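Peer 1: output the structure for:
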Amino acid sequence: IFRTQSVDEVPEQLEHVRTALDNGFDAIRYYFGANLDADEQFLSELEATFGDEVTVKSLDASNRFSWKEALAAYDRLERFDFSILESPVPMDDIEGMTRVTERIDRPVSEHVESMSYALELIERRAVDVFNVQLTGIGGVLAVQRLHDLAAAADMDCLIGTTQEMSIGTAAQAHVGATARCDILRSDPVGPFLYTSDVVEERVQYEDGYLLVPDGPGLGLSIDEEKLAEHRESLSMLD
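Peer 2: Got it, this is the predicted structure:
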């Protein structure tokens with residue numbers, strides 16, 4: 001659920017949650033920080049409207065705060081039921097990240113896009129959870145290596161996403177299924193959000209879970225006609 005810019009948007013945001021729930025998803029990631037008054041209103045009405053039907057798996061700040069601002073925002077939202085605080089401070093502010101992690105009583109996650117950055121985070125115990133994207137670190141093998149490092153350091157991981165189409169999402173499913181570290185509830189739901197795709201059959205979800213595709217390779221087949229349609233649409237933007 002993307003950021004609520006004003007209190008007036010809260011009813012529309014609740015409708016997005018209802019749509020997700022109707023389609024079998026009972027957990028959300030909520031991007032916050034554009035308007036903390038609106039965030040408080042949304043989270044309050046979310047609990048009043050849905051109760052235990054919907055879990056807030058994480059509040060995602062997308063690296064928008066200084067560490068002091070992040071703690072002030074957390075203090076305002078701490079009373080709500082959510083599992084993880086994601087990316088509270090800029091990625092290069094490891095000192096700030098450490099301060100936030102030491103101060104709050106919920107796990108903190110951060111995007112990790114290199115082994116050297118991961119080692120620094122581990123050494124400082126700056127975060128509790130690695131958020132690892134295939135597109136960010138360079139593919140399946142790179143992600144598996146970082147998952148192995150996380151397992152050795154007794155850290156949990158998230159399967160990171162920029163909401164890919166079915167091909168990228170299938171890769172995420174395979175990576176998650178074979179990870180040696182513990183994978184927390186993640187949200188690669190791009191195929192649910194897009195109106196079109198480039199495969200013969202999209203990846204499938206069941207009761208909010210992403211199913212690992214069967215078959216050769218990633219388990220999907222390209223639809224050449226759909227691919228050509230998307231290629232033509234993109235070429236018109238050049």
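Peer 1: shaky segments in the chain?
Peer 2: Within the chain, the segments meeting pLDDT under 70 span 236-238.
Peer 1: quick one: residue 194 from residue 167, how far?
Peer 2: Residue 194 is 12 Å from residue 167, where distance means Cβ to Cβ, to the nearest Å. From N, CA and C alone the C-beta is placed, and that goes for glycine too.
Peer 1: actually, residue 208.
Peer 2: Applying Cβ to Cβ, the value for residue 208 to residue 167 is 21 Å.
Peer 1: the two: who's more crowded?
Peer 2: Neighbours per residue, other Cβ atoms under 10 Å: of residue 208 and residue 167, the larger number sits with residue 167, 19 against 15.
Peer 1: so the more buried one is in contact with residue 200, correct?
Peer 2: No. Counting by Cβ atoms under 8 Å, residue 167 does not reach residue 200; the two are 11.6 Å apart.
Peer 1: joint contacts of those two?
Peer 2: residue 220 (Cβ atoms under 8 Å, 6 or more residues apart in numbering).
Peer 1: angles on the backbone of residue 109, please.
Peer 2: Phi and psi for residue 109, reported as degrees, to the nearest 10, are phi -120, psi 160.
Peer 1: for it, which non-adjacent residue is spatially closest?
Peer 2: residue 129 (3.7 Å; Cβ to Cβ, 6 or more residues apart in numbering).
Peer 1: can you pull the contacts of the one you found?
Peer 2: Taking Cβ under 8 Å, 6+ apart as the contact definition, residue 129 lies against 84, 107, 108, 109, 110, 155, 156, 157, 158, 184.
Peer 1: go again with 10 Å.
Peer 2: By Cβ atoms under 10 Å, 6 or more residues apart in numbering, residue 129 lies in contact with 58, 83-86, 107-110, 112, 150, 155-158, 181-182, 184.
Peer 1: picking up where we left off before, where do the contact lists of residue 194 and residue 167 overlap?
Peer 2: residue 202.
Peer 1: which elements pack onto whichever strand or helix holds residue 144?
Peer 2: Taking DSSP states H and E as the criterion, residue 144 maps to helix 140-152. Judged by 3 or more Cβ pairs under 10 Å, 6 or more residues apart in numbering; DSSP states H and E, the packing partners of helix 140-152 are helix 115-124, strand 129-132, helix 134-137, strand 156-159, helix 166-178.
Peer 1: make TSV out of these and add distance to residue 33.
Peer 2: Converted to TSV, those look like this (distance: least, Cβ to Cβ, whole Å):
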stretch	distance to residue 33
helix 115-124	22
strand 129-132	17
helix 134-137	21
strand 156-159	19
helix 166-178	25
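Peer 1: now the helices for the protein?
Peer 2: Taking DSSP state H as the criterion, the chain carries its helices at 10-22, 36-50, 67-77, 94-103, 115-124, 134-137, 140-152, 166-178, 190-193, 224-235.
Peer 1: so which of the helices and strands packed on helix 140-152 is nearest residue 218?
Peer 2: Set against residue 218 and scored by Cβ to Cβ, the helices and strands packed on helix 140-152 come closest in helix 166-178, at 4.1 Å.
Peer 1: what angle separates the closest one from helix 140-152?
Peer 2: For helix 166-178 against helix 140-152, the angle by axes from the mean of the first three to the mean of the last three Cα atoms, to 10 degrees is 30 degrees.
Peer 1: for residue 87, give me phi and psi.
Peer 2: According to degrees, to the nearest 10, residue 87 has phi 50, psi 60.
Peer 1: hmm, it is touching residue 96, no?
Peer 2: No. Counting by Cβ atoms under 10 Å, residue 87 stays clear of residue 96, with 11.5 Å between them.
Peer 1: follow-up on the earlier one: which one of the helices and strands packed on helix 140-152 lies closest to residue 227?
Peer 2: Going by Cβ to Cβ, the one of the helices and strands packed on helix 140-152 nearest residue 227 is helix 166-178, 10.3 Å.
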